[in-house]
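**Q** I need the structure of the sequence given here:
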Amino acid sequence: MGMSPTSRVLTGLSSLALAAAGFAATAAPAQADQPSSEFAGQTHPYRHGVVPTKEAGAATAGKRTTNLNFGGGVDGIGVTTGAPKVYLVFWGSQWGTQGTDSNGYTTLSGDPSGIAVRAQQLFKGLGTNNETWSGVMTQYCQGITKGATSCPSTAAHVGYPTGGALAGVWVDPSAAAPGQATGNQIANEAIKAAGHFGNTTAAANRNVQYVVLSPTGTHPDGFNTSSGNFCAWHDWNGDSTLSGGAAASPYGDIAFTNDPYVTDMGTSCGQNYVNTGSAGLLDGVTMVYGHEYSETVTDQNPAGGWTDSSGAENADKCAWKGTGGVGGAQNVTFATGSFAMQGTWANDYNGGAGGCEISHPVVP
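**A** Alright, predicted model coming up:
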């Protein structure tokens, strides 16, 4: 998906036994990258790093085999180089009455699946319990030659979310979230959130991502409609291909994610993908949200970060790959609980041939 710098778009777990990640799996047979399945039936380039529905992504799941390469950066930004910060934005009055549970998490009366608490647990847990799911991402960097597939130790690498990535939670009930928000509207909500949190300079937003969560029953950018066979995507405010156009920011570049109410799509977006019964009802939530997080830190202003020859990002290449093993989806334990997560692509796996991993030593 070749694009000009102004139209490039922004667009994931150690197992319970982290030490078991010996990376001894056999390499996948050599083959060319397949067409980008996450864009199947879609013509919207701003849906970068989009998670396809399980059905739409099945044809090419786990088949991409060429490594990622560095895109040269957009506005000087390729990857998240500091400790990643995630701000959760619950958009719209439909989320209902706000409360607080016994663990201090924000609860919402209009959240029948309990997505709000699960999202907070996930992002608060990243970078805790010595987890090395996040370590896979730390091998990538910026400040190197465009097209490079590896990073010298001296380069600015993706930061590790030590002690947790969750930096803030905001419930914005000022108006109802749109029934079918455009990309521009989602970007503007992220910009509004930046102002709410006091992140009013480019420097304050350099290692930040705003996760815009829409309430149940809404269809942001066509989610859960015939035109939206996807579960989530990420982008940045300056992408001129956004539906509705780029969104002007007085606070520098703003990385944001369109995270719909994933459970509205049931098994198509990962429900019970790893765990059976009630234990797996939110599997898709953590897999999808982790997918987009990992892609934002490695390709913050897409496609200035890391993508392969088909435009796929690190999590795209490992989406719906199956469960277990070195790179399949599985439960990962953070300090805040156990979460179903997918593997992400590691260029340095298998002697540099690349592959999906669930765990990787943290690169300083």
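**Q** Quick check: the gap between the residue nearest the centre of the chain and residue 313.
**A** In the chain, the residue lying closest to the centroid (C-alpha atoms, centre = their mean) is residue 292, at 0.8 Å. Applying C-beta to C-beta, to the nearest Å, the value for residue 292 to residue 313 is 9 Å. All C-beta atoms are positioned from the backbone trio N, CA, C, and that covers glycine.
**Q** what comes up buried for stretch 157-177?
**A** Under the neighbour-count criterion of 16 or more other C-beta atoms under 10 Å, stretch 157-177 has 157-161, 164-169, 171-173, 177 buried.
**Q** Confirm for me that residue 92 is in contact with residue 177.
**A** Yes - taking C-beta atoms under 8 Å as the definition, residue 92 is a contact partner of residue 177 at 2.8 Å.
**Q** Now do the residue sitting furthest away from the middle of the chain against residue 273, distance only.
**A** Relative to the centre of the chain, the most outlying C-alpha is that of residue 102, 28.0 Å out, by C-alpha atoms, centre = their mean. Applying C-beta to C-beta, the value for residue 102 to residue 273 is 29 Å.
**Q** Same check on residue 216?
**A** In this structure, residue 216 lies at 20 Å from residue 273, with C-beta to C-beta as the measure.
**Q** again, but for residue 362
**A** Residue 362 is 27 Å from residue 273, by C-beta to C-beta.
**Q** Lowest mean pLDDT among the helices and strands of the protein, which one is it?
**A** Here the helix or strand of the chain ranked lowest by mean pLDDT, DSSP states H and E is helix 54-57, holding a mean of 84.
**Q** Against which helices or strands is the biggest helix by length in the chain packed?
**A** In the chain, assigned by DSSP state H, the helix with the most residues is helix 283-298. For helix 283-298, the contact count by 3 or more C-beta pairs under 8 Å, 6 or more residues apart in numbering; DSSP states H and E identifies strand 51-52, helix 115-125, strand 208-213, strand 230-236, strand 255-259, strand 337-341 as packing neighbours.
**Q** Repeat the analysis, applying 6 Å as the threshold.
**A** Packed against helix 283-298 by the contact rule (3 or more C-beta pairs under 6 Å, 6 or more residues apart in numbering; DSSP states H and E) you find helix 115-125, strand 230-236, strand 337-341.
**Q** Where does pLDDT dip in the stretch 151-300 of the chain?
**A** In the predicted model of the stretch 151-300 of the chain, no residue satisfies pLDDT under 70.
**Q** And the helices in the stretch 151-300 of the chain?
**A** Remark: helices assigned in the stretch 151-300 of the chain by DSSP state H, counting those that start in this stretch are 183-196, 283-298.
**Q** Which among those is found nearest to residue 57?
**A** Set against residue 57 and scored by C-beta to C-beta, these come closest in helix 283-298, at 11.0 Å.
**Q** Not counting sequence-adjacent ones, nearest residue to residue 286?
**A** Nearest residue to residue 286, sequence neighbours excluded (C-beta to C-beta, 6 or more residues apart in numbering): residue 339, at 4.4 Å.
**Q** what distance separates stretch 291-306 from the centre of its chain?
**A** Remark: stretch 291-306 is offset 8 Å from the chain centroid, using C-alpha atoms, centre = their mean, to the nearest Å.
**Q** now what about it, what contacts it?
**A** 8-12, 48-49, 51, 68, 70-71, 73-75, 77-80, 84, 137, 140, 158, 209, 232, 234, 236, 253, 255, 257, 313-315, 344 (C-beta atoms under 6 Å, 6 or more residues apart in numbering).
**Q** give me every residue that touches residue 252.
**A** 202, 205.
**Q** State the distance from it to residue 204.
**A** Distance from residue 252 to residue 204, by C-beta to C-beta: 8 Å.
**Q** and if you look at residue 325?
**A** The value you get for residue 325 to residue 204, if C-beta to C-beta is used, is 40 Å.
**Q** Same question for residue 100.
**A** 26 Å.
**Q** who's more crowded, those two?
**A** Per other C-beta atoms under 10 Å, whichever of residue 100 and residue 204 has more neighbours is residue 204, with 15 against 9.
**Q** Mind listing the residues bridging to residue 157?
**A** On the basis of DSSP bridges, residue 157 is bridged to residue 141.
**Q** For it, give me its contacts.
**A** With contact set as C-beta under 6 Å, 6+ apart, residue 157 has these partners: 138, 141, 363.
**Q** which of the residues you listed tops the neighbour count?
**A** Result: residue 141 is most packed of the contacts of residue 157 (other C-beta under 10 Å), 24 neighbours.
**Q** Next up, the contacts around that one.
**A** Applying C-beta under 6 Å, 6+ apart to residue 141 gives the contacts 151, 155-157.
**Q** which of those residues count as buried?
**A** By neighbour count, with 16+ other C-beta under 10 Å, those hold 151, 155, 157 as buried.
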